[in-house]
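In: Model the following, please.
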Amino acid sequence: MSLVILVDSSADIPRERAEAAGIEVVPMPVTIGGKTFFEGVDLSAAEFYAQFRALPELPKTSQPNPQSLLERYNKILAQGDEVVAIHLSSRLSSTWSTASMVREMTASPDKVHIVDSRGASFGYGLLALLAAERAKSCLTWEELEPQVHDLRDRMRYIFTPDTLEFLVKGGRVSRAAGMVGNLLDLKPLMRVTAAGSIEAFAKVRTRRAALQRLVQVMAQEAEYPEEQVIGISHSDCRGDAELLAEEVRRRLPIKDVWFSDIGCVIGSHTGPGTLALFYLSNPGN
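Out: Sure, this is the predicted structure:
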């Protein structure tokens, strides 16, 4: 019996990393112009952003089909394994609540463990990768559960969208906050809170200043950075992601940086040009 980590595709884990870690990924649907695609299956991030700016309306996202979740959970159970399903923040999606309902429909509900990541994108993906590594040395969910919750509670998500326009349209940021930012041409700095919602914590004048501020915040909060693999995700701005990594390495003795594309689901709400930084904090931060 193994503890198998499962995520939805909003975790933005590069396919090769998910496969190497034995993580199951359930694709999430994205509807563009009335046609539905499944993230990472029939629509890549590159294809998505190539058409994003020309779309007459924002793509629509939704949770995975409950039947798809049920089939994936039961498939793992049929192998004689237990499911550790870590899903997109319950403050940003109804996926977690649906997964909790689907759990009761499985062949063995007591062997399906549903976790609210309270996060999104590759920070949530990094949490899943760390959980998969810990699961190798845990025989039971009772052993793994406190470790997963500890990692979740210490994972930090800070990011800077190029504009607040798409977060406002998607209802993740108030229209008033968006108008102020756009009128003054400010670069917002955002975080995912401990509860799993999104809030702004600063605004700066330039993109360069935004990158520097992200690293400054990480330098104040990160626990033992020399032992950490941190995550950086981006939406169609790899060059800026490389600059952010250089700035991190200049300031902190990190172990490594893993990059990820912000996928179609999260990118539908943040838009192109978003940069995000993920790391583990001190428990008190």
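
In: just how off-centre is stretch 73-84 within its chain?
Out: Computed by Cα atoms, centre = their mean, to the nearest Å, the chain-centroid distance of stretch 73-84 equals 24 Å.

In: taking the mean pLDDT, what do you get for it?
Out: Taken as a whole, stretch 73-84 has an average pLDDT of 97.

In: Would you mind listing the buried residues in that stretch?
Out: By neighbour count with 16 or more other Cβ atoms under 10 Å, stretch 73-84 contains the buried residues 73-74, 76-77, 82-84. Yep, even glycine has a C-beta here, placed from its N, CA and C like the rest.

In: just stretch 62-72 next, same as before
Out: Residues of stretch 62-72 classed as buried by neighbour count (16+ other Cβ under 10 Å): 63-65, 68-70, 72.

In: Confirm Ser233 sits in a strand?
Out: Yes: according to DSSP: H, G, I helix; E, B strand; the rest coil, Ser233 belongs to a strand.

In: can you pull the contacts of it?
Out: By Cβ atoms under 8 Å, 6 or more residues apart in numbering, the contact list for Ser233 reads 12, 121-123, 241, 259-262, 275-276, 278.

In: Make JSON lines out of these and add neighbour count and distance to Ser89.
Out: Putting those into JSON lines (neighbours: other Cβ atoms under 10 Å; distance: Cβ to Cβ, whole Å) gives the following:
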{"residue": "Asp12", "neighbour count": "29", "distance to Ser89": "13"}
{"residue": "Ser121", "neighbour count": "30", "distance to Ser89": "10"}
{"residue": "Phe122", "neighbour count": "32", "distance to Ser89": "14"}
{"residue": "Gly123", "neighbour count": "28", "distance to Ser89": "10"}
{"residue": "Ala241", "neighbour count": "22", "distance to Ser89": "22"}
{"residue": "Phe259", "neighbour count": "15", "distance to Ser89": "22"}
{"residue": "Ser260", "neighbour count": "23", "distance to Ser89": "17"}
{"residue": "Asp261", "neighbour count": "23", "distance to Ser89": "19"}
{"residue": "Ile262", "neighbour count": "30", "distance to Ser89": "15"}
{"residue": "Leu275", "neighbour count": "24", "distance to Ser89": "19"}
{"residue": "Ala276", "neighbour count": "29", "distance to Ser89": "14"}
{"residue": "Phe278", "neighbour count": "27", "distance to Ser89": "13"}
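
In: Helices - which of the residues you listed land there?
Out: 121-123, 241 (DSSP state H).

In: Determine which two of those are furthest apart.
Out: For these, the farthest-apart pair by Cβ to Cβ is Gly123 and Ala241; their separation is 14.2 Å.

In: Can you redo the buried residues of stretch 73-84 as CSV, where the extra columns are secondary structure and distance to Leu214?
Out: Below are the buried residues of stretch 73-84 laid out as CSV (DSSP: H, G, I helix; E, B strand; the rest coil; distance: Cβ to Cβ, whole Å):
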residue, secondary structure, distance to Leu214
Tyr73, helix, 36
Asn74, helix, 41
Ile76, helix, 37
Leu77, helix, 41
Glu82, strand, 37
Val83, strand, 34
Val84, strand, 30
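
In: So of those, which two are at opposite extremes in space?
Out: It's Asn74 and Val84 that sit farthest apart of the buried residues of stretch 73-84, by Cβ to Cβ, at 15.0 Å.

In: remind me which residues of the stretch 51-200 of the chain are low pLDDT?
Out: For the stretch 51-200 of the chain, the stretches with pLDDT under 70 are 168-185.

In: let's go with 90 and repeat that
Out: By pLDDT under 90, the low-scoring segments of the stretch 51-200 of the chain are 52-58, 162-188, 199-200.

In: what does the domain assignment say about the protein?
Out: 3-154, 155-280 (automatic domain parsing).

In: quick one: the strands in this structure?
Out: With DSSP state E as the criterion, the chain has strands at 3-8, 24-26, 29-32, 35-38, 60-61, 82-87, 112-116, 155-160, 187-192, 198-204, 229-234, 256-261, 275-280.

In: will you turn those strands into CSV that also has distance to Thr140?
Out: What follows is the strands of the chain, written out as CSV (distance: least, Cβ to Cβ, whole Å):
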stretch, distance to Thr140
strand 3-8, 8
strand 24-26, 19
strand 29-32, 34
strand 35-38, 33
strand 60-61, 35
strand 82-87, 8
strand 112-116, 11
strand 155-160, 23
strand 187-192, 30
strand 198-204, 34
strand 229-234, 26
strand 256-261, 29
strand 275-280, 24
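
In: Brilliant, that's me finished.
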